[in-house]
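>>> Structure of the sequence below:
(3 chains)
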Amino acid sequence: MNPYRVYGKGRIDHRAPVSFTFDGKTYEGRRGDTVASALLANGVHLMGRSFKYHRPRGPVSAGSEEPNALIGTKRGTGRYEPNTRATVQEIYPGLKTNSQNTYPSLKFDLGAVNDAAYMLFSAGFYYKTFMWPKSFWDKVYEPFIREAAGLGRSPTERDPDHYASRYHHTDVLVVGTGPAGIAAALSAARTGLRVTLVDENAEAGGTLLSEPQAVIDGAPAWDWLEAQLAELKALGVRVMTRTTAIGYYHQNMVALCEKLTDHLDAPDPDMPRERMWRVRAGQVILAQGALEKPLVFDGNDRPGVMLAGAAQTYLHRYGVLVGKRAVVATSHDSAWYASFDLHDEGCEIAAIVDTRADLRADLVEAAAARGIEMHLNHSVSGTDGRLRVKSIRINRMRDGKAAFGRRIFCDCVLMSGGWTPSLHLFSHTMGKLAWNDDLTAFLPDVKTEACQIAGAGRGLWGIEAALNDGFAMGAAAAEALGKSGATPTLGVTHDRTGTGVTQIELPTDRSPSSARAFVDYQNDVTAKDLRLAVREGMRSIEHVKRYTTNGMATDQGKMSNINGLNIAADALGKPQPQVGLTTFRPPYTPTTFGAFAGYHKGGHFEVTRKTPIDGWAEKNGAVYEPVSLWRRAWYFPQNGEDMDQAVARECRATRESLGIFDASTLGKIEVVGPDAVEFMNRMYTNPWTKLAPGRARYGLLLGDDGFIRDDGVIGRMSQDRFHVTTTTGGAARVLNMMEDYLQTEWGDLQVWLTSTTEQWATIALNGPNARKLLEPLTEGLDLSDEAFPHMSVAECTIAGLPARLFRISFTGELGFEVNVPARHGRALWETLMDAGAQYDICPYGTETMHVLRAEKGYIIVGQDTDGTVTPYDAGIGWAVGKAKPDFVGKRGLARPDLVAPGRKQLVGLLTEDHSKLEEGAQIVRDPKEAVPMTMVGHVTSSYDSVAMGRPIALALLAGGHDLMGEIVHIPMPDRIIAAKVTGTVFYDPDNTRLKL
Amino acid sequence: MTELALSPDFAPGLLAESAAARVTLIAPVARFSLRCKPASRATLARVLDLPLPETIGHRAHARSREALRLGPDEWVLTALEGDAAGIAADCAAAYDAAPHSLVELSDREVTFAIDGPGACDLLSLSLPRDLDGIGVGQGRRTVFDGQGVVLWRDEAHSFRMDVWRSFAPHVASLLATGCRELALEM
Amino acid sequence: MLLIHCPYCDETLPELEFAYAGQAHVVRAADPSSQTDEEWRDFLFIRDNVKGVHAERWQHVHGCGRFFNALRHTVSDKFLTTYKAGEPRPVLDDTERSA
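Residues are numbered from 1 along each chain as shown, chains lettered A, B, ... in the order given. Below is the predicted model:
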C-alpha cells in the first residue's frame, strides 16, 4: 500500500507492484514509477544531503533538472552509479538505491555541522580560507578539500556493462516529445522526410503527460497523444525515448545518449547499457520546452518544498500526491492550476500565497469555489521543520516590504517562480539570445545552425500555442529542405496559459543576512552569496558564477542560472542583458564515460596490429612490445630466461650462426612511373639516378627544415619502379608527406605511390650462415657474393613462393630480407625455421635487433634522432647527395643554425666503470659544477653488448664529433658516471662480415 | 547468433550471423591499384578490356574483372586469382604508350561480406558517412572505426568491405558485436 | 564534427574522412637554393593567425586521397568553400566573409 498513491491516476501500472530498496529499507512502488515518485508515494521526501552544508533535501522537480535528489543505484557487482537523479531512475524489482553525502545516516548526519557554521562557508570560501599559511597547502588544505570534495562515491569495481555507438543520418531531428515536438515531427514527416524524434523521458508526451485535462482537436490529451504517436510510427518516424540530446555540435551534429537497460528487470547481457548516437540532421527542431523556476526564500530547500509543476506531474504521471496539506507559494498562474488538481484529488490546499496583488478573476473564483484560502501580495520569509517542512511563514507586503509574518502549518510547499525556456542546446551552437522583458527571460535569437525552435522553448506558453508553433516549425524545416506541406492549426480547450512576474529573493521581515534562500541547491549557493560576490567586486556573471559556484553543479544551472542572473543584475543595478548569461556547455545532463567510450574498451580499446607471423611468435612464447599500433615480438625467452639472458643468447646466435627476425611491420611504398627516379631524387637526400635496377641503397628522408624524418633501404626493382621501406612508425606519415609534395608541388611528375606495407610479409635472415640457409630454397637467382652482393634486390622464388629478396643488413652480419605475399609469411617462416635447424637458427625480437644495430652504429630514427637532428649531426652526411640541384631538406640544411658550431652530434659512449647507462640520462662536461649543471646532451641508446663484452651507448652530445676520446659525465641519483666519447661503430668497423 | 573467431590465417568463412546481419570473410581475389593520368585511361581500359569509370565511386565490370574508381587518378581492379598475371601482362604491354602504376595488393586487404536486413545499421556502428550516398552498384573508400576501408555496395543490404590485413581482427570483432547487439532489437 | 565538401569527389562528407594539412597557398619556391635565410624561414615556419576567413589545406585521406584547399571562418569554424589544389583563392562577397 502506498499511502500517498491516488488509485487509478497516472501512467503507472497500479496492478504491478515493484519492490526496491532505499538506504537498505524495502519500498514498494508501481511499474512506471521513478525512484522519486515511488518514495513520494510512500511519503518519503528526504532523499539526500546537500554538498556543502549537508542540509536535508528532497526532490524539488520531477525531471532531469533535479538538483537535490541524487542517489546511488546498484545492480549487482560493478554496477554502482553515483549521483543518479531519483526523479529519472525508473524502478525495477531488486533495484538498490542509497542516499549520498550522509554519515552515519541520512537522518542523522555529522556533516550537518557545516550547516550551523554556514557563516564560514560563504561565497569565495575556498579562495579566502585556504590561502595562508603556504605550508598548509599540501599537508592540511589539500587532504581536507579532497576529503570534502566530490558528491557521491566512485565505483571501485570494473564496469561489467558494455556500451554502444551509432551514426545516424536524418533529414529532421526533433528534440522533445511535448506538443510542440510531436506536431513538428508530424508536419515534417508528412512531407516524406526522414524524421527522428527523441525525448529523454521514458515515455513520449512531455507536458501532455502532466496535463490530461486538455482537449486537443476534440480529443482528450492522452487519446490525442496516442493517435499521433501511431501516425508518427506509420509515417516511419524513428521515435526514441530515454534518449537525451546531450550536445549540439557543428553543422547539425547532435549527440544523443540512449539509455537501454537501466530500467529493465533483467537485461540481456548482450544488450548495451547505453548507446551514443551521433546524429547528422538536415534540420534540427528544438522543442525542449521550459523549466520552472523556484522562488528564492529562506528555507526553500527543505524536504517537502518543491516546484508546483513537479507536484502536478507526480499526480498525473505517477498518481502520487506529494503531501496531504500543501501551501502554494507562487508568482505565476500555473501553480494555481496545480493547486486545483491536487485539491481535487484530496490534498488539502492550506493556502495559495501569491506575490502578486492582482490575479485573474477566473483563478480567484476557482480557488474560492474550492474553499482555498488566498493570500495575495504576500511574501514568504521562511519554513520550519527538520527533515521535512512543517510550516511556512508568510508576510503581507506593503510598498514592496514584508510586514509581520504568520505561520501556516503544512507538509509540503508547492512553489513557482514562473518558467524559463530551456536554452541549453541552442546555446551549444553559440546561437545568440535576446532578452525578453515581458517574460523576464532570454529567448533564442540569432541562429548559427539550420535549426528551428518551437513552443515553450521560445517563450510560447500553453499547449495550443506550442502545438501550432510545432506544426509551423516542422513545416518550416521541411521547406528549408525543399519540401512543402500543410500547416494545420488545432484548437485546444482546457488549456492553461498563464502569466506571472519574476521575483528576485522574496522580501523578508527578518535579517536578510541570516536568510538561507537557495538559488543553486546542488552547490548550496544562496542569494546572499551572490550579493556578497558582487560586493566583493565581481562584475561579470562569469566571475560571479565561478566565485560562488552558482550553476556549476551537475545540473548545469538548469534551475539556478536565471534566478542567479536576476539577483546578480539587481545587485549590480544593471538590466539582465547587460549582465549576460553564462555559457551552457555539453553535456545537457551528466553522461557516463562508458557512453563516450562506446566499443573502445578492453580488447577493442584500440587496434592491435599483428603481422602474419605473430601467431608463430605467440605460440613460441614471445614477449611483445608495442611499436606504434603494432605488437612486435620483443624477445623469445627460453627455459625461464629473463630478458637480458634471452637477448644475450639471441645476439650471440645471430652473430655466430643465424638469426631470423620478423620485419613485416616495416613500412613499404611502391613508387612507380616514368618519373619515379626523379621523384626519388627530389624526395630523398641520396642520388638515385645511377642506382641500377637490382640494386638497393640506404635512403634518408628529411623535412624541408633539414631535420631527419625517416630512413630505410630502397630497392630499384626496374627502371621505373622502386620498393621503398620506411620505419615501422613512419609508414603512414611518410606516404602522406610524399603524396603532399607530389600532389601540390610536383604535379608535373608521372609517378604514383602505393602503400604495400601489408602486401608483404618480411623475414630478415642475419648471420654467417644466412646464405647457406637460403641457397637451396632459392630458384632463379644466384646468391653468391659476386652475383648478388651486399645491397642487391631481386625477384625470385623462395621455398616455392614468389619473393622479393633484398641482400641488406641491419645487424652487420651477412643479411637477407625476404618479402613474400602476406598470406605466405607464416609458411615461409616455418620452412626457414625447419631448414635452419641445422644452423641452430634463432628467432630474435626487436630488442636483439636494437642491440645488434647499435653495435654497428646504425641509427633508429625517433630514438637516436628527435626531430632536431641533421644527417651531419647523426654522422651520416655521406647519404646526402650534395650535387643534386634540390631535394627536400637541402635548403634547410644550409640554415644558419644548422651549420653553426656546437650542435648536438651523435657519438658513442663507453662508461669507464663498464656500467650500463640509462637511456634519456643527461650528460655534463664538469661533474663538479654546481646545480643546475650545464647539460650538453643525452643518452639515446644503451645496451649490454655481448659482442663487445661490455655495455655500449649512443648519445647526442654538443660538439660531440670534436670530443672523441674525452671523458663526459652522466649524473645519476646515486652517483656520477664517467664515460669516454667514441665513434658510433663499435663492432666490425671495416664491414668485413657484411661481405661474406 | 553464430559467432566464429577470425582465424590468424584469414581462412574464408562465416564469422557472425544473427537475425540482423551476417558477416563472412570471403575468399581472396586478385586485387590491384591502377594509377594513371587522364590521357592514359582509354588505352588502359582497352588493353584491360574493362571500362575504367570516370566518376569517383562508380564501378564497371567486364567478364570477371571489375574496376572501382577511388580517386581522380586511381582505380582498384579485382579479378579472379588466376587472372592476376593476365592483368599485369595487359598493363605492362601498354606501359610505354600509357604510362601508369600497377601494383598488386591481393594480400594487403581481406574482404568481409556484410549482408542481411540490418546490414546498414551494422555499418552505422562506426561508419560516419550516410550510406544513402552510396548507390547500389557503387563503392567508396571511407573510414570504419578509424580504419581506412573500401566499401562496395552490391545490393541495398549487401556490402563488401576491404580492410587492411592487420586491421581486420579489430573490424571483425566490432562487426560481430554489432550482429549480436542489433539482433536484440529486432 | 564538421562536414567537408571534397572538390574532387564532389560530396559533402564527415570530417573523420579528412585530415587537416596546414595553411594553404604557402608555395615552395621552384629553386629553394635561391631563397634567403629569411625567406626560407618564413616558408617553413611563419603562418597567419587569422580571426576570420582562413585559407587552409585538407586531405581527403580516407577517400580519394587528394589534398585540396578550403576557406574556413575561424570564429564560426564554418567552411565557406573548398577548391582544388592549384586553383586561386576564391573571392568572397561580404556576406560570406562575415559568416
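>>> isn't there a helix covering B:Pro169?
Yes: under DSSP: H, G, I helix; E, B strand; the rest coil, B:Pro169 sits within a helix.
>>> for chain C, where's the lowest mean pLDDT among helices and strands?
The helix or strand of chain C with the lowest confidence, counting by mean pLDDT, DSSP states H and E, is helix C:94-97 at a mean of 64.
>>> model confidence over stretch A:469-484, on average?
Per-region confidence: stretch A:469-484 scores 97 on mean pLDDT.
>>> So for stretch A:214-227, first residue to last residue, what's the gap.
15 Å (Cα to Cα, to the nearest Å).
>>> Strands of chain C, start to end?
Applying DSSP state E to chain C gives strands spanning C:3-6, C:11-14, C:19-23, C:53-59, C:67-73, C:79-84.
>>> now these in TSV, with mean neighbour count?
All C-beta spots, glycine's among them, are computed from the backbone N, C-alpha and C. Shown next, in TSV, are the strands of chain C (neighbours: other Cβ atoms under 10 Å in any protein chain shown):
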stretch	mean neighbour count
strand C:3-6	19
strand C:11-14	20
strand C:19-23	14
strand C:53-59	20
strand C:67-73	22
strand C:79-84	17
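>>> Which one, of those, ends up nearest to chain B?
Nearest of those to chain B, taken as Cβ to the nearest Cβ: strand C:11-14 at 3.8 Å.
>>> Output the closest one as CSV, restricted to C-alpha atoms.
Only the C-alpha atoms of strand C:11-14 are listed here, as CSV (Å, rounded to 0.1, in the frame of the first residue of the first chain):
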residue,chain,number,x,y,z
GLU,C,11,30.5,15.0,-52.0
THR,C,12,30.0,16.6,-48.6
LEU,C,13,31.3,14.2,-46.0
PRO,C,14,32.1,13.8,-42.3
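>>> Paired strands for it, with orientation please.
Strand C:11-14 pairs in its sheet with strand C:3-6 (antiparallel), by DSSP bridges.
>>> Please state the mean pLDDT value computed over stretch A:171-187.
98.
>>> next one: stretch A:38-53
According to the model, stretch A:38-53 has a mean pLDDT of 93.
>>> Count the residues that sit near B:Arg69.
Each residue near B:Arg69 was counted by other Cβ atoms under 10 Å in any protein chain shown, and the total is 24.
>>> Who are the packing partners of the host helix or strand of A:Arg771?
In this assignment (DSSP states H and E), A:Arg771 forms part of helix A:770-774. With contacts defined as 3 or more Cβ pairs under 8 Å, 6 or more residues apart in numbering or on different chains; DSSP states H and E, the packing partners of helix A:770-774 are strand A:815-821.
>>> would you put the C-alpha positions of the strand it packs on in CSV?
In CSV, the C-alpha atoms belonging to strand A:815-821 read as follows (Å, rounded to 0.1, in the frame of the first residue of the first chain):
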residue,chain,number,x,y,z
GLY,A,815,71.9,-10.5,-44.2
PHE,A,816,68.9,-11.0,-46.4
GLU,A,817,65.3,-9.8,-46.2
VAL,A,818,62.7,-12.0,-47.9
ASN,A,819,59.4,-10.4,-48.9
VAL,A,820,56.6,-12.8,-49.8
PRO,A,821,52.8,-12.1,-50.2
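>>> quick one, helices of the stretch 201-350 of chain A?
Ranges of helices in the stretch 201-350 of chain A, per DSSP state H, counting those that start in this stretch, are A:207-210, A:221-234, A:308-318, A:334-344.
>>> Could you confirm whether stretch B:32-40 reaches chain A?
Yes: judged by Cβ under 8 Å from any Cβ of the partner chain, stretch B:32-40 comes into contact with chain A at B:33, B:35-37.
>>> Need the residues you listed in CSV (columns: distance to A:Leu666 and secondary structure).
Conversion of the residues of stretch B:32-40 next to chain A to CSV gives the following (distance: Cβ to Cβ, whole Å; DSSP: H, G, I helix; E, B strand; the rest coil):
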residue, distance to A:Leu666, secondary structure
B:Ser33, 19, strand
B:Arg35, 23, strand
B:Cys36, 28, strand
B:Lys37, 30, coil
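>>> Can you read off the pLDDT for C:Ala99?
On pLDDT, C:Ala99 comes in at 57.
>>> Relative to A:Thr84, how far out is the residue nearest the centre of chain A?
The centroid of chain A falls nearest to A:Phe596 when counting by Cα atoms, centre = their mean (5.5 Å). Taking Cβ to Cβ, to the nearest Å as the measure, A:Phe596 falls 17 Å from A:Thr84.
>>> cool, and A:Ala361?
Per Cβ to Cβ, A:Ala361 is found 45 Å from A:Thr84.
>>> of the two, who's got more company?
Neighbours were counted for A:Ala361 and for A:Thr84 using other Cβ under 10 Å; A:Thr84 has more, 21 against 8.
>>> so what's that one up against?
Contacts for A:Thr84 (Cβ atoms under 8 Å, 6 or more residues apart in numbering or on different chains) come out as A:70-73, A:97.
>>> which SSE is it in?
Secondary structure assignment for A:Thr84, by DSSP H and E: strand A:80-85.
>>> Reduced to three states, what does A:Asn561 come out as?
helix.
>>> In the stretch 551-700 of chain A, what residue comes closest to chain C?
Of all residues in the stretch 551-700 of chain A, the one sitting closest to chain C is A:Arg682 (10.7 Å; Cβ to the nearest Cβ).
>>> what kind of secondary structure is the residue lying closest to that residue once chain neighbours are set aside in?
In space, and not counting its chain neighbours, A:Arg682 is closest to A:Phe887: 5.7 Å by Cβ to Cβ, 6 or more residues apart in numbering or on different chains. What three-state DSSP gives for A:Phe887 is coil.
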